[in-house]
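Visitor: just coords:
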């Protein structure tokens with residue numbers, strides 16, 4: 001959690017290897033090794049995932065085709081050899097994930113984020129998360145711009161996926177999504193550094209007093 005300009009999205013992009021950022025010091029250790037020299041697709045194959053704050057629309061590409069291409073891209077090894085998922089297996093898997101997240105099957109035939117509401121865009125991101133099955137997912141302000149009902153729906157989707165095989169780092173301004181997802185830890189980021197850490201009660205306290213009061217402590 002943190003105010004605008006604190007460095008939350010910058011942290012997310014650096015963890016995923018966005019080429020616009022250069023890391024000048026420090027390390028990012030994942031599975032016992034530094035991943036700073038790895039490309040975003042390599043980090044994805046290792047098990048990292050980033051859900052964007054502003055998902056991009058891709059007219060002409062259906063949600064299903066996009067997800068199948070994403071899975072096949074992850075299955076392509078560094079030497080270029082591909083182990084593509086068979087279409088019948090993909091269809092069965094996608095239906096199962098959509099049922100788990102309570103997403104109508106016809107959603108798969110729509111063009112990705114083209115004409116989607118804010119809530120539908122975020123649900124498409126959560127569906128992508130479910131199909132790629134990473135080990136660590138970074139959700140950059142997934143609740144941004146959503147109304148109360150959409151936040152609840154998206155949060156329930158996230159809660160359905162989290163478990164022993166999936167850890168989630170949620171980046172948010174507000175406590176409201178945490179009404180539906182109980183965090184193990186809450187970290188408040190200020191000026192690029194973790195200023196304070198605690199449990200779920202810290203998020204509630206922050207909601208009550210605001211960032212300026214927190215900064216005084």
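Guide: Noted; the coordinates are in hand. This structure is a prediction, so every number in the text was calculated from the model and none was measured. Residues are numbered from 1 along each chain as shown.
Visitor: specify the beta-bridge partners of the closest residue to residue 6 other than its chain neighbours.
Guide: Of all residues not flanking residue 6 in the chain, residue 189 sits nearest, at 4.6 Å (CB to CB, 6 or more residues apart in numbering). Backbone N, C-alpha and C define where each C-beta goes, glycine included. Per DSSP bridges, residues listed as beta-bridge partners of residue 189: residue 194.
Visitor: measure residue 189 to residue 214 for me?
Guide: Spatial separation of residue 189 from residue 214 under the definition CB to CB, to the nearest Å is 11 Å.
Visitor: which neighbours do those two have in common?
Guide: Shared contacts of residue 189 and residue 214 (CB atoms under 8 Å, 6 or more residues apart in numbering): residue 195.
Visitor: and the pLDDT at residue 191?
Guide: For residue 191, the pLDDT comes out at 89.
Visitor: can you show me the strands along this protein?
Guide: Here the chain has its strands, by DSSP state E, at 29-30, 33-34, 48-51, 58-62, 111-112, 136-140, 167-171, 186-190, 193-198.
Visitor: which secondary structure elements does the fourth one contact?
Guide: Meaning strand 58-62. Where contact means 3 or more CB pairs under 8 Å, 6 or more residues apart in numbering; DSSP states H and E, strand 58-62 is packed against strand 111-112.
Visitor: list the pairing partners of the strand it packs on within its sheet, with orientation.
Guide: Strand 111-112 has the following strand partners under DSSP bridges: strand 58-62 (antiparallel).
Visitor: please enumerate residues in contact with the partner strand?
Guide: With CB under 8 Å, 6+ apart as the test, strand 58-62 has contacts from 66, 108, 109, 110, 111, 112, 113, 114.
Visitor: how about low-confidence regions in this structure?
Guide: For the chain, the stretches with pLDDT under 70 are 77-82, 217.
Visitor: okay, angle between the helix ranked longest in it and strand 193-198 too, please.
Guide: Taking DSSP state H as the criterion, the chain has its longest helix at helix 200-216. Angle between the axes of helix 200-216 and strand 193-198 is 140 degrees (criterion: axes from the mean of the first three to the mean of the last three CA atoms, to 10 degrees).
Visitor: returning to that earlier point: can you pull the contacts of the residue nearest to residue 6?
Guide: Here residue 189 is in contact with 1, 2, 6, 7, 8, 11, 195 (criterion: CB under 8 Å, 6+ apart).
Visitor: how near is it to residue 120?
Guide: Distance from residue 189 to residue 120, counting by CB to CB: 29 Å.
Visitor: likewise residue 134?
Guide: Residue 134 sits 22 Å away from residue 120, going by CB to CB.
Visitor: which one of the two has more residues nearby?
Guide: When neighbours are counted by other CB atoms under 10 Å, residue 134 comes out ahead of the other of residue 134 and residue 120, with 23 against 19.
Visitor: right, I'll call it a day here.
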